[in-house]
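Trainee: Here is a sequence together with a model predicted from it:
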Amino acid sequence: MAVFCGIDWSEQHHDVAIVDVNGMLVARRRISDDVAGFAELVQLLAEAGDNATAPIPVAIETSRGLLVACLRATGRAVFAINPMAVARYRDRYVVSGKKSDHADAMVLANILRTDLAVHRPLPTDSELAQAVAVLARAQQDAVWDRTQAHNKLRSLLREYYPGFLAAFRDARGGIMRPEARMVLSDAPTPAQAAALNVERLAELLRQAGRQRGVEAEARRLHGFFTAEYMRQPALVEQALGRQASALLRALDAACVSAEDLATAAEQAFDQHPDAEIITSFAGIGRLVGARVLAEISDDRSRFADARAVKSYAGSAPVTRASGKSLLVMHRRIKNQRLATAGYHWAFSALTASPGARAHYQRRRTAGDNHNAALRNLFNRLLGCLHHCIKTGRHYRESVAFPDLQPLLASAA
């Protein structure tokens, strides 16, 4: 007899409900969030008919945590159901708004009983792929934290320190550059910056790691710091300097975290068998490759075809048709991390691949804006990547863009 399990999780305990094909409750229990609780869950599943050849599928409202990791280790299908979807399903059983932990566990179990085919289980990816996913996602989070810390600090500097912003306006990385952060840590106010001589500035630049053009850069910075600017009152300026120092520490930590995690993600990615195939594509490096692998995983059965992975990434458009109305629009419900990696990949491919550049230009000529053309290019490249990983082949420009080869040959 087929049975289905739903788990309503929380930090301290979890409510478990098991139902049969008719929706009748087979077993229910509240377990603790520890080893004893998991052992109790395994025993409960075994009593309901769970075995190695036919493991009972489990639905839960999260894809992370120790409970999910242990459930995946047992080899069973684990379905992470969106909490918003669970709320909609709940209305099928209770319209009064009544809610309880056991009732939610029942709803989750019944989701698998009635609609298992329309939900995607968590991938059965390798341990190495899971490690790459942890590092790549953490690095992406660190980049977002770095951007947020940078924006906060820059916004504050605009209020009292225009000379500093002007000094690093044209530098790549701006105030996130190591030398900019080093100078700001030593002189967080305009008064302190104006007191720095060229020798001290050169010393700070060397401490930040700069090796070339140190003296010339020190003189340039000295010119900015000694120029005339509007100033805040002295006490207010000192207070703003203290606040800037606090924000600078957060930016320093975010920059170090992003760099360290990038190195770790690239090293883990290099060990994966799919790394060579992924990096054979034009425009995709080790870090972006790690981010792509983290989101598509190495479970070959996860996506039925290239269309499925394109929809997951948000590169494929979505169609809304009703009567005589037909609208094709950008897909907004997607894996945002994969979509972000795809944007960087497609943008880099414009200069690394003549075929990709020609495809992009053709879409622009057809009326697409920049983002739409890049998304279309990412859609094309992602389909090629899915095929290459499935077949174990490396990327070839002539195969990826066969219709553009005569045009490229005539242009050459």
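Mentor: Sure, I can see it. Residues are numbered from 1 along each chain as shown.
Trainee: okay, now Gly355: neighbour count?
Mentor: Using other Cβ atoms under 10 Å, Gly355 has 23 other residues around it. The way it works is simple: take the backbone N, C-alpha and C, and place the C-beta from them, glycine included.
Trainee: Wait, it touches Arg396, no?
Mentor: No - at 10.0 Å, Gly355 and Arg396 do not qualify as touching, with contact defined as Cβ atoms under 8 Å.
Trainee: ok, and Ser348, which helix or strand is that part of?
Mentor: Using DSSP states H and E, the element containing Ser348 is helix 336-352.
Trainee: Starting from that helix, tell me the next helix or strand along the chain.
Mentor: Secondary structure here is assigned by DSSP H and E; on that basis, the next helix or strand after helix 336-352 toward the C-terminus is helix 354-365.
Trainee: Mind listing residues that contact the helix or strand containing Leu326?
Mentor: With elements delineated by DSSP H and E, Leu326 resides in strand 325-329, which encompasses its position. Contact with strand 325-329 is made by Pro317, Val318, Thr319, Arg320, Ala321, as judged by Cβ atoms under 8 Å, 6 or more residues apart in numbering.
Trainee: coming back round to it: what residues of the helix holding Ser348 count as buried?
Mentor: Along helix 336-352, these residues count as buried under the neighbour rule (16 or more other Cβ atoms under 10 Å): 337-350.
Trainee: In JSON lines: those residues, plus pLDDT and distance to Leu45.
Mentor: Formatted as JSON lines, the entries for the buried residues of helix 336-352 read as follows, by pLDDT from 0 to 100; distance: Cβ to Cβ, whole Å:
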{"residue": "Arg337", "pLDDT": "94", "distance to Leu45": "32"}
{"residue": "Leu338", "pLDDT": "95", "distance to Leu45": "33"}
{"residue": "Ala339", "pLDDT": "94", "distance to Leu45": "36"}
{"residue": "Thr340", "pLDDT": "94", "distance to Leu45": "38"}
{"residue": "Ala341", "pLDDT": "95", "distance to Leu45": "37"}
{"residue": "Gly342", "pLDDT": "95", "distance to Leu45": "39"}
{"residue": "Tyr343", "pLDDT": "95", "distance to Leu45": "42"}
{"residue": "His344", "pLDDT": "95", "distance to Leu45": "43"}
{"residue": "Trp345", "pLDDT": "95", "distance to Leu45": "42"}
{"residue": "Ala346", "pLDDT": "95", "distance to Leu45": "45"}
{"residue": "Phe347", "pLDDT": "96", "distance to Leu45": "47"}
{"residue": "Ser348", "pLDDT": "95", "distance to Leu45": "47"}
{"residue": "Ala349", "pLDDT": "94", "distance to Leu45": "47"}
{"residue": "Leu350", "pLDDT": "94", "distance to Leu45": "52"}
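Trainee: What is the nearest of those residues to Glu179?
Mentor: If you rank these by distance to Glu179 using Cβ to Cβ, His344 comes first, at 25.6 Å.
Trainee: Near the residue lying closest to the closest one once chain neighbours are set aside, how many other residues are there?
Mentor: Counting by Cβ to Cβ, 6 or more residues apart in numbering, the nearest residue to His344 once its immediate chain neighbours are dropped is Val288, at 5.4 Å. Each residue near Val288 was counted by other Cβ under 10 Å, and the total is 22.
Trainee: and Val288, what element?
Mentor: Applying DSSP H and E, one finds Val288 within helix 286-296.
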